[in-house]
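Enquirer: Provided below are the primary sequence and the corresponding predicted coordinates.
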Amino acid sequence: MKIRKILKTVMNRLVIFGVLLLLQIAELLAFMTKLASYSTVVSILFTVISLLAVLWILNRDENPAYKMSWIILILVFPLLGGFFYLLAGHKRPSRGLRRRFETEVARTRGEMTQDDTVLEHIKSLDPRMAGQFHYVADKAGYPVYEHTKARYYCLGETLFHDLVEELEKAQHFIFMEYFIVEDGLMWGSILKILEEKAKAGLDVRFIYDDLGSVSLLPAGYDRQLEAKGIKCMAFNPFIPILSLAMNNRDHRKITVIDGHTAFSGGINLADEYINEKVRFGHWKDTGFMLKGEAVWNYTVMFLQMWNAFRHTDKSYEDFRPNKYYTHEFLSDGYVQPFGDSPLDDEIVAENVYLNILNQASDYVYIFTPYLIIDHEMTTALCLAAKRGVDVRIVTPGIPDKKVIFQLTRSYYPPLLKAGVRIYEYAPGFLHAKSYVCDDVTAVVGTINMDYRGLYLHFECGTCFYQNEIINQVKQDCLNTMEQGREISLKDTRQGFFGSLFCAVLRVFSPLL
């Protein structure tokens, strides 16, 4: 508790430091503006710097909205805008981070190979879906599988029950990777099992995002877990002041048990996710459990992250699904877990979402806690609704971040005008991230519909086709909508100053 108090004190001081820094920047800006007014040479110099920075940004292969935000910032604040772009404008990870991942991915490129007969089966059923699965397998490197069963959880507490049960059954290894970890009933129960399994000789590894848990865990928490026998890694450690750009976070939620069982979804390891602690009303989240061949994608995903920083495994062979499961896996449709990362220029998650919208013929139901979308996604949603597809989106009724919620609401009007129906989950905060379409396909994962989720973070999701889970996701969406409040255009009116504030937020939304 003493360490946590010290950490909170440090965080409070960092906030004060940030405010003082902003005041100094404002003072510097005023000084430079005054200087430019006195000197034609200085004014021309600022203009040239701004122009060069803008040309550089325009020449980069990045999302147009992201580029536009930086261009406006640089044109308004010529020198400082350019400086901040150099500091934090690049969406890609640092050179060292990139090199580590690229080396490990290249080394293990052959660990996941697509069985062409599976794609041929899908192609005989639906060529368009086969194209979707081929895209993810080819561009992201994650195959689609048969011989996998899935179980859907419409609440975090139901997933937690089964997660504990499966962890207790582990006999060989446990891999876990999460964005947020906080002491409480959920993490305490899991930690106790991990300690027991580590003492019993199992290979227990844990990854948590350092920034995601910076105010929730004591400093050096990874060393504390190591002392308990749990191999632990804090991803992209947060270093105050020195780490000025912390764009790329590990937002994944993965548990792999003995290679044949996996859990994922939106649920982190903190008590609000299982409604043991009340934050922002009732916490609505979703997840799933996989048993079978498709677990291999999550195993490799975890091991590539782990070995990029702590080279432990010469080969991944000892972690394959059939290594410790000698029976035949059951089949239920097709399952394709996939990862998305800022390391490449392939926006896999957004393209999966766009493909679903573009191919939909009957309905698309969407869960997302944040709706901060680019022109391409807005167009796809509107066009689907205009051609008669029943497009519905469910967002939180009680926000966790009020400014971001106001920004989310600013994206409602064009969607509503096009015929998209939007619901806000009245009982509380909706943290789930899913798509379900036409009773044939669904995606459930960690990927928010915002710029961070689609462009900046390490994310994961699973695409299901002709699987029992699809109807369960659909029914969950319909039940949740019944508990929600449908939004109309008049609900989006914010007055002149509110609209002006949202317009400013919209301009800089890719940078938030």
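Expert: Looks like it came in fine.

Enquirer: which stretches of the stretch 1-150 of the chain form strands?
Expert: Assigned by DSSP state E, counting those that start in this stretch, the stretch 1-150 of the chain shows strands spanning 148-153.

Enquirer: quick one: the helices in it, in order.
Expert: Here the stretch 1-150 of the chain has its helices, by DSSP state H, counting those that start in this stretch, at 2-38, 40-59, 64-76, 78-88, 95-107, 116-125, 127-135.

Enquirer: pLDDT weak spots in the stretch 351-500 of the chain?
Expert: Applying pLDDT under 70 to the stretch 351-500 of the chain flags residues 497.

Enquirer: if we use 80, what do you get?
Expert: Across the stretch 351-500 of the chain, the ranges flagged by pLDDT under 80 are 493-500.

Enquirer: ok, the chain next?
Expert: Scanning the chain for pLDDT under 80 picks out 1-97, 238-247, 344-345, 493-512.

Enquirer: in stretch 277-296, what counts as buried?
Expert: Going by neighbour count (16 or more other Cβ atoms under 10 Å), the buried part of stretch 277-296 is 280-296. For glycine as for every other residue, the C-beta is placed from the backbone atoms N, C-alpha and C.

Enquirer: nope, stretch 437-457 is what I was after
Expert: Neighbour counts using 16+ other Cβ under 10 Å place 437-438, 440-457 of stretch 437-457 among the buried residues.

Enquirer: please apply the same query to stretch 196-213.
Expert: Using 16+ other Cβ under 10 Å as the burial criterion, the residues of stretch 196-213 that qualify are 197-198, 202-213.

Enquirer: repeat for stretch 314-328
Expert: Under the neighbour-count criterion of 16+ other Cβ under 10 Å, stretch 314-328 has 316, 319-321, 324-325 buried.

Enquirer: of these, closest to L430?
Expert: The nearest member of the buried residues of stretch 314-328 to L430, counting by Cβ to Cβ, is P321 at 32.5 Å.

Enquirer: the buried residues of stretch 437-457 in strands, which ones?
Expert: 437, 441-445 (DSSP state E).

Enquirer: number of residues surrounding H375?
Expert: A total of 10 residues lie near H375 under the criterion other Cβ atoms under 10 Å.

Enquirer: that one against P64, yeah?
Expert: Yes. With contact defined as Cβ atoms under 8 Å, H375 reaches P64; the gap is 6.9 Å.

Enquirer: how about A360, what does it touch?
Expert: Residues in contact with A360 (Cβ atoms under 8 Å, 6 or more residues apart in numbering) are 384, 389, 391, 437-438.

Enquirer: CSV for those, including distance to M176?
Expert: Converted to CSV, those look like this (distance: Cβ to Cβ, whole Å):
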residue, distance to M176
A384, 37
V389, 38
V391, 35
C437, 30
D438, 34
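
Enquirer: closest one of those residues to Q336?
Expert: C437 (14.7 Å).

Enquirer: report the contact partners of the closest one.
Expert: Going by Cβ under 8 Å, 6+ apart, C437 touches 356, 359-360, 362-365.

Enquirer: A349 is in contact with I447, isn't it?
Expert: Yes. If you go by Cβ under 8 Å, A349 and I447 touch, sitting 4.5 Å apart.

Enquirer: for the two, list the residues in contact with both.
Expert: Common contacts of A349 and I447 (Cβ under 8 Å, 6+ apart): 340, 453-454, 459, 461.

Enquirer: and the residues you listed, which is closest to E104?
Expert: Of all these, E104 sits closest to D340, with 16.6 Å by Cβ to Cβ.

Enquirer: quick check: the closest one touching A140?
Expert: Yes. In this structure D340 lies within contact range of A140 using Cβ under 8 Å: 7.1 Å.

Enquirer: what sits in contact with each of those two?
Expert: Listed as contacting both D340 and A140 by Cβ under 8 Å, 6+ apart are V348.

Enquirer: higher neighbour count, the two?
Expert: It is D340, of D340 and A140, that has more neighbours when counted by other Cβ under 10 Å, with 29 against 21.

Enquirer: now do the contacts for that one.
Expert: D340 makes contact with 140, 347-349, 447, 454, 458-461, according to Cβ under 8 Å, 6+ apart.

Enquirer: can I see the domain layout of this structure?
Expert: For the chain, automatic domain parsing gives the domain ranges 2-88, 95-340, 348-451+461-511.

Enquirer: give me phi/psi at the closest residue to Y334 other than its chain neighbours?
Expert: Nearest non-adjacent residue to Y334, counting by Cβ to Cβ, 6 or more residues apart in numbering: Y465, 4.3 Å away. Note on Y465: backbone dihedrals following degrees, to the nearest 10 are phi -140, psi 130.
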